[in-house]
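Provided below for reference: sequence and predicted model.
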Amino acid sequence: MNLFSLYRELLARVWEKKKTLIVLGIIYLLFIVLGIVFIKTPAIYSYHINLCDRYVDRVCFSNENVFVIFLERFLGNTVYLVIILCSGVHIAGLALPALVLSYRAYTFGGSLAIFFSVYKMSGALIVFVLYLPVHLLLDVIFLSSGVISFSRSKCFKFKKQDCTLLLRDFLLILALVAIVCLLEMLLLIALFHPIGNLM
């Protein structure tokens, strides 16, 4: 099997579980809306403004080497992927993909509201050229990973074949996460970071 056929088979397994995909997608969209709606709550507002400030300071306009930012972002997203994929080894773990997606969607919605209401034009620029595309691409990957975990939970046994398939799925999806993080790094170089910050 070549790499293309492995990804096609992975996508086919996601597409086979359309109902799960739709349910997780609805949960994701619902929590984006909730994140936007409840942004005025003081504690929630404070949490999201800190998230946005940290994103602007540590990612967009950081003096940090962009490769270090890439590694930090890649490792952080790898943790999400490990949680989601490992949840499929037992049916009791299936709440984890929904929790991860709900959290990401909720903070995504709240952060969008902050970027537009507080940062104004600069926030809109950050959202449309960096934050929105990268976040959505990663969440599509995590959503698909959640579907795979749901389908795996019914039949997974701690045997060589099942563990090998789990590892293969992890490596294939991890490569997609790395590509998105690399895209983010290239956008940072092109749009936000001066050449002096590359070294």
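In hand now; what should we look at?

all helices for this protein, in order.
Ranges of helices in the chain, per DSSP state H, are 3-16, 18-37, 42-55, 66-86, 95-117, 120-126, 132-153, 160-191.

where does the prediction get shaky in the protein?
For the chain, the stretches with pLDDT under 70 are 1, 193-199.

contacts only, for residue 77.
138, 177, 180-181 (CB atoms under 8 Å, 6 or more residues apart in numbering). (Each C-beta comes from the backbone N, C-alpha and C, glycine too.)

which two in those residues are spaced the farthest apart?
Farthest-apart pair in those is 138 and 181; separation 8.3 Å (CB to CB).

more neighbours, these two?
residue 181 (23 against 20; other CB atoms under 10 Å).

okay, that one and residue 29: tell me how far apart.
Going from residue 181 to residue 29 by CB to CB, to the nearest Å gives 24 Å.

grab the nearest non-local neighbour of residue 144.
residue 14 (4.7 Å; CB to CB, 6 or more residues apart in numbering).

how many neighbouring residues does that neighbour have?
17.

tell me who's in contact with it.
Residue 14 touches 21, 144, 147-148, counting by CB under 8 Å, 6+ apart.

out of those, who's the most crowded?
residue 147 leads those on contacts (other CB under 10 Å) with 26 neighbours.

my read: it touches residue 24, true?
Yes - assessed by CB atoms under 8 Å, residue 147 is found in contact with residue 24 at 6.6 Å.

and the closest residue to residue 28 other than its chain neighbours, how close does it get to residue 91?
Once flanking residues are discounted, residue 28 sits nearest to residue 105: 4.6 Å by CB to CB, 6+ apart. According to CB to CB, residue 105 and residue 91 sit 23 Å apart.

of these two, give the one with the bigger neighbour count.
Neighbour totals were compared for residue 105 and residue 91, and residue 105 leads with 22 against 12 (other CB under 10 Å).

from residue 32, how far off is the more buried one?
5 Å.

phi and psi next, for residue 62.
phi -80, psi 150 (degrees, to the nearest 10).

just give me the neighbour total for it.
18.

residue 167: which of the contacts of residue 14 is nearest?
residue 148 (12.9 Å).

mind listing what that closest one touches?
Applying CB under 8 Å, 6+ apart, we find residue 148 in contact with 10, 13-14, 85, 88, 169.
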